[in-house]
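>>> Dropping the sequence and predicted coords here.
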Number of protein chains: 2
Amino acid sequence: MAKPPAPARSARSIAVRDAALTLFADRGYHATSMKDIAAALQLQAPSLYNHVSAKQDLLHDIMAQTMNELLKTVRSALASSDDLVEQLRRASEAHVRYHARHPREVRVGNHEIAALEEPHRREIVELRRTYSDLFVALIARGVAAGVFETRSPLLAAYAILQMGIGVSMWFHPDGALSEDDVVFQYGDIALGVAGGPRPRRSRRAGRAGRPRR
Amino acid sequence: MAKPPAPARSARSIAVRDAALTLFADRGYHATSMKDIAAALQLQAPSLYNHVSAKQDLLHDIMAQTMNELLKTVRSALASSDDLVEQLRRASEAHVRYHARHPREVRVGNHEIAALEEPHRREIVELRRTYSDLFVALIARGVAAGVFETRSPLLAAYAILQMGIGVSMWFHPDGALSEDDVVFQYGDIALGVAGGPRPRRSRRAGRAGRPRR
DNA sequence: CGCATACGAACGACCATTCGTTCGAAGCGA
DNA sequence: TCGCTTCGAACGAATGGTCGTTCGTATGCG
């Protein structure tokens, strides 16, 4: 009678989320119907309600999980070193790497905020704020310590973050640039944006083995 | 009987486009109904069809005009100097300035491509490609001439463009940073991203009068 | 008078979601 | 192993709503 969406994490409900993620990412939330999602799984639309509670919750789950993963990844990068310069490099690399590996998630995360209904919207916006503050505060600390030089840590942080977001829109693992190529190059660029020490010659040239993660 | 959308540019039809632009920008195309647009003008939905032919055409007009304005602005910046370094600076500044001044237009331009139906979609995508190619080719020329240094002109160009797009999402003319602050700082950053010559000390500090435009 | 413009009514289409039903596989006592 | 029960999962039908758009008509200004 009542509609329990399973243990909240059944195998099938994960499949539904994944299908929704793909469709949301390349058509947008409002342009995707429950029928579309169902069709991707060879189901009828009403059957979806055995696995999820509502279309809106589907979107919220996707965005919340994405933001939390991003936060976790970057926080771990920050905790991996005491040196502010190295922290910014690793945080930027983690940011870019996530965007290269999870284009669907971040596309939805960046395009569909307006499609979230309150109070979900406020919650996600706060997570985003927390995330960007990690970078702003880090750069501000670096400026105070004299290792970075920029007139506006805020502007520098936003520039770095936005650059990384762009990666999710063009990067393809089979392209001319490997994931590491892109990640390391963006790491260098991020340091430049924050006015960090200029690398004498770019370290870690060519493709090295995967150092982290 | 037939529905001529006026001389295609009546005062009223411009007002409709503007209302649609505002709503598309902060709710998204699919989340905006013709009724919403009409309400913003204190009209009923069917009345809109005295001024525009279809919702889809509204979106296409907005995006095509935006892309053409952007192209014109950057091409003019490129034509204003023979020096590759100065060209990149001015093109980047023009790019950022447009994004600071026309946040609604570029928000729609960047978020609603999927909402365009063919053949409009292909047309706009081509304009965007033409636009980004301006930057890619410029940086490639600079690398060939030895004034820029980057392992990938494509990656550098995308980074610069994406940074500028980000400005449209947070910049506000009443904020702590003036438009010129942001524009000039991004100009410097863009040169850094492309590996241009390092400025001895940042020129044009503080707020100068508006040099161009 | 004529024309641009606004309107209400109506259209067919599609939307997310609910409901009652059915079907098939799993669990279990005998 | 049989037969009975339970239950998740899928379905078709239906609900109320909104969508973009068309049409015929009314209104009011030049």
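Okay, I see it. Every value quoted in this text rests on a predicted model; they were computed, and no experiment measured them.
>>> Quick check: residues of chain A near DNA strand D?
A:6, A:10, A:12, A:38, A:42-44, A:46-47, A:50-51 (CB under 7 Å from any atom of the strand). All C-beta atoms are positioned from the backbone trio N, CA, C, and that covers glycine.
>>> what does stretch A:143-162 contact?
A:84-85, A:88, A:92, A:95, A:132, A:135-136, A:138-140, A:142, A:190, A:193-197, B:162-163, B:165-167, B:170, B:177, B:181-182, B:185-186, B:189, B:202 (CB atoms under 8 Å, 6 or more residues apart in numbering or on different chains).
>>> So which of those residues sit within helices?
A:84-85, A:88, A:92, A:95, A:132, A:135-136, A:138-140, A:142, A:190, A:193, B:162-163, B:165-167, B:170, B:181-182, B:185-186, B:189 (DSSP state H).
>>> for chain B, what are the nearby residues on chain A?
A:26-28, A:30-31, A:111, A:114-115, A:151-152, A:154-156, A:158-159, A:161-163, A:165-167, A:170, A:177, A:181-182, A:185-186, A:189, A:192-193, A:198, A:202 (CB under 8 Å from any CB of the partner chain).
>>> So among those residues, which ones count as buried?
A:28, A:30-31, A:111, A:115, A:151-152, A:154-156, A:158-159, A:161-163, A:165-167, A:170, A:177, A:181-182, A:185-186, A:189, A:192-193 (16 or more other CB atoms under 10 Å in any protein chain shown).
>>> if we can go back for a sec, redo the residues of chain A next to DNA strand D as JSON lines? Include pLDDT and neighbour count.
Formatted as JSON lines, the residues of chain A next to DNA strand D follow (pLDDT from 0 to 100; neighbours: other CB atoms under 10 Å in any protein chain shown):
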{"residue": "A:6", "pLDDT": "40", "neighbour count": "12"}
{"residue": "A:10", "pLDDT": "81", "neighbour count": "13"}
{"residue": "A:12", "pLDDT": "88", "neighbour count": "15"}
{"residue": "A:38", "pLDDT": "96", "neighbour count": "18"}
{"residue": "A:42", "pLDDT": "95", "neighbour count": "7"}
{"residue": "A:43", "pLDDT": "94", "neighbour count": "19"}
{"residue": "A:44", "pLDDT": "92", "neighbour count": "11"}
{"residue": "A:46", "pLDDT": "92", "neighbour count": "10"}
{"residue": "A:47", "pLDDT": "93", "neighbour count": "14"}
{"residue": "A:50", "pLDDT": "92", "neighbour count": "15"}
{"residue": "A:51", "pLDDT": "93", "neighbour count": "21"}
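>>> Next step: those restricted to helices.
Filtering these for helices - DSSP H - leaves A:12, A:38.
>>> out of the residues of chain A next to DNA strand D, which one sits closest to residue B:80?
residue A:38 (55.0 Å; CB to CB).
>>> Correct me if wrong: that closest one contacts residue A:48.
Yes: using CB atoms under 8 Å, residue A:38 is in contact with residue A:48, at 5.4 Å.
>>> low-confidence ranges in chain A?
A:1-8, A:199-213 (pLDDT under 70).
>>> Around DNA strand C, which positions in it sit nearby?
Applying CB under 7 Å from any atom of the strand, we find that chain A lies next to DNA strand C at A:1, A:3, A:32-36, A:45-46, A:49, A:54-56.
>>> please redo it, this time with the cut-off set to 6 Å
With CB under 6 Å from any atom of the strand as the criterion, chain A meets DNA strand C at residues A:33-35, A:45-46, A:49, A:54-56.
>>> Would you mind listing which of these are buried?
Using 16+ other CB under 10 Å, the buried members of the residues of chain A next to DNA strand C are A:34, A:55.
>>> Show me the contact partners of the helix or strand residue A:26 falls within.
Here residue A:26, judged by DSSP states H and E, is contained in helix A:11-27. With contacts defined as CB under 8 Å, 6+ apart, helix A:11-27 is touched by A:5-6, A:32, A:36-37, A:40-41, A:48, A:50-52, A:58-59, A:61-62, A:103-105, A:107-108, A:112, B:114.
>>> List only buried entries from the residues you listed.
Counted by 16+ other CB under 10 Å, those give A:5, A:32, A:37, A:40-41, A:48, A:51-52, A:58-59, A:61-62, A:103-105, A:107-108, A:112 as buried.
>>> Need the nearest residue in space to residue A:167, chain neighbours excluded.
Nearest residue to residue A:167 in three dimensions, chain neighbours excluded: residue A:99, at 4.7 Å (CB to CB, 6 or more residues apart in numbering or on different chains).
>>> Now do that neighbour against residue B:169, distance only.
16 Å (CB to CB, to the nearest Å).
>>> Now do the contacts for residue A:168.
A:99-100, A:102-103, A:106-107.
>>> Just put those residues in TSV and tack on secondary structure and distance to residue B:72.
Shown next, in TSV, are those (DSSP: H, G, I helix; E, B strand; the rest coil; distance: CB to CB, whole Å):
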residue	secondary structure	distance to residue B:72
A:99	helix	31
A:100	helix	33
A:102	coil	36
A:103	helix	31
A:106	helix	31
A:107	helix	29
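>>> State the helix or strand in which residue A:130 lies.
With DSSP H and E as the criterion, residue A:130 is inside helix A:120-145.
>>> buried residues in that helix?
So helix A:120-145, judged by 16+ other CB under 10 Å, has buried residues A:120, A:124, A:127-128, A:131-132, A:134-136, A:138-140, A:142-143.
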